[in-house]
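> output the structure for:
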Amino acid sequence: MRRESRRRSGRAGDCWQGNISVMRKFSLSPLARPNIERIWIAAAEEIGLRVERTGDAYAASDGAGRLLIATNDHLDVDDAVAQLIFHELCHALCEGPENAARPDWGLDNTGAQRADITLAHEHACLRLQAHLAAPYGLRELMAPTTEYRAYHDRIPADPLADDGDPAVPIARAAAARAAERPWREAIMRAMSLTAGALEHPLGFLAGPSDRSCASCAWRYLGGRGKPVLRCRQSADRDGVGRRIEDDTPSCDRWEAPVDCHDCGACCREAYHSVTVSVRDPVVWKQPDLIERNGHRFEIRRDGERCAALAVEASPRRFSCSIYADRPQACRDFEANGRHCLDARRRVGLSAR
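Numbering: from 1, shown residues only. Prediction:
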């Protein structure tokens with residue numbers, strides 16, 4: 001019987017040193033929740049497949065209508081039952097009804113089948129996964145955690161686009177089967193319910209399960225009335241974010257506190273100019289960088305960037321060449337503040 005090829009990451013390996021119940025509680029996969037497991041077990045049953053947990057296989061089919069999924073104490077901490085069921089359903093679609101009664105859908109990674117054929121079918125399965133999960137915002141969460149993850153991450157925005165990959169025709173045929181009953185209804189319902197179950201209290205998707213709002217760059221103290229903890233990513237038109245607590249689970253917009261040297265968004269294309277007062281010391285301290293624009297003084301631009309921005313190529317680092325003399329507008333600019341988030345969004349560094 002084919003066993004799912006596994007790899008253990010450093011993060012997962014550390015957790016395996018401890019108690020199993022603790023390991024599962026702090027799983028790195030947001031999908032490892034009982035309610036989401038039930039959603040996908042029900043989806044498999046709707047298609048005509050029964051899910052059984054076992055210690056003898058990781059993720060497999062016995063050819064007799066059973067999907068064999070490893071028990072929790074055999075799963076890597078970054079895997080989830082829902083993810084593995086979905087993977088097996090996509091394999092079933094790729095191999096077609098003629099292979100439904102064959103163990104592991106007729107695939108063989110033990111050496112009897114040519115490696116290039118096996119690889120193309122494995123890649124087709126991943127393309128189908130991306131195709132089916134993307135409309136629900138689940139493409140990344142439903143991705144594999146095996147050595148095939150690198151291939152999955154290279155799949156184009158349209159997973160079924162013909163790019164010369166031999167996996168594409170297989171995936172296209174599988175997608176056509178997925179659009180038929182009972183597959184279509186079962187998978188669409190499971191995807192929709194999963195996305196709903198993962199929704200964050202702020203309305204976003206769930207983020208890394210080992211993070212919380214306490215460590216996010218966009219947590220701030222403020223708002224109307226008495227200042228309370230809020231989230232900049234959820235801000236309304238007035239710039240006031242929704243209330244959070246430090247132990248609020250992270251969402252998919254979680255970011256580590258901004259390092260200005262790695263970012264530089266506010267000095268790049270995010271803004272078109274920096275206006276300075278005629279009384280600002282930068283006017284006479286850095287006259288070569290000052291331009292007059294009508295009645296205003298501005299810092300000169302170098303293309304779409306501030307002319308004072310210095311960039312190191314490798315690794316790319318940003319710095320201000322006149323930092324000690326920088327204008328008041330730059331001194332007032334708050335890292336991790338409202339305008340910082342706007343700047344990062346404008347250059348594509350933060351979620352919109």
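> return the backbone torsion pair for G203.
With angles defined as degrees, to the nearest 10, G203 sits at phi 100, psi 0.
> mind checking pLDDT for the residue lying closest to it once chain neighbours are set aside?
Spatially, and ignoring its direct neighbours in sequence, G203 is nearest to S234 (7.2 Å; C-beta to C-beta, 6 or more residues apart in numbering). From N, CA and C alone the C-beta is placed, and that goes for glycine too. pLDDT recorded at S234 is 89.
> give me the neighbour count for S234.
Under the neighbour criterion other C-beta atoms under 10 Å, S234 is assigned a count of 19.
> one more: the one 10 residues further on?
Under the neighbour criterion other C-beta under 10 Å, I244 is assigned a count of 23.
> S250 too?
Once other C-beta under 10 Å is used to define contacts, S250 is seen to have 21 neighbours.
> center of the protein, which residue is that?
Nearest to the geometric centre of the chain sits E140, at 5.1 Å (C-alpha atoms, centre = their mean).
> for that residue, give me the pLDDT.
On the pLDDT scale, E140 is placed at 85.
> ok, now how distant is it from P201?
Between E140 and P201 the computed distance is 20 Å (C-beta to C-beta, to the nearest Å).
> okay, now the unreliable bits of this protein?
In the predicted model of the chain, residues 1-28, 109-114, 116, 352 satisfy pLDDT under 70.
> what ranges does it have for its strands?
Secondary structure of the chain (DSSP state E): strands at 50-54, 59-61, 66-70, 219-222, 228-231, 275-276, 290-293, 296-299, 301-302, 305-306, 309-312, 317-320.
> mind listing the strands the fourth one pairs with, and their directions?
Strands flanking strand 219-222 in the sheet, each with its direction: strand 228-231 (antiparallel) (DSSP bridges).
> centre of the chain to the partner strand, how far?
Distance, stretch centre to chain centre, for strand 228-231: 24 Å (C-alpha atoms, centre = their mean, to the nearest Å).
> do stretch 72-88 as well
Counting by C-alpha atoms, centre = their mean, stretch 72-88 comes out at 18 Å from the chain centroid.
> got the buried residues for that stretch?
In terms of neighbour count (16 or more other C-beta atoms under 10 Å), stretch 72-88 has its buried residues at 72, 74-88.
> give me the number of residues near the closest residue to V283 other than its chain neighbours?
Leaving aside its sequence neighbours, V283 sits nearest to I290 (C-beta to C-beta, 6+ apart; 5.5 Å). For I290, the count of nearby residues is 18 (other C-beta under 10 Å).
> contact partners for I290?
By C-beta atoms under 8 Å, 6 or more residues apart in numbering, the contact set of I290 is V276, V282, V283, F297, E298, I299, R300.
> and the gap between it and C266?
Counting by C-beta to C-beta - I290 and C266 are separated by 19 Å.
> and if you look at A195?
Distance of A195 to C266, computed by C-beta to C-beta: 34 Å.
> ok, C340 next?
In terms of C-beta to C-beta, C340 sits 7 Å off from C266.
> show me the helices in the stretch 251-352 of the chain, by range?
Here the stretch 251-352 of the chain has its helices, by DSSP state H, counting those that start in this stretch, at 260-263, 282-285, 328-331, 338-346.
> in a markdown table: these, plus distance to L93.
A markdown table is the format used below for these (distance: least, C-beta to C-beta, whole Å):
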| stretch | distance to L93 |
| --- | --- |
| helix 260-263 | 42 |
| helix 282-285 | 63 |
| helix 328-331 | 55 |
| helix 338-346 | 37 |
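> highest average neighbour count across those helices?
Of the helices of the stretch 251-352 of the chain, the one with the most neighbours on average (mean count of other C-beta atoms under 10 Å) is helix 338-346, at a mean of 19.
> from the chain's centroid, how far away is that helix?
20 Å.
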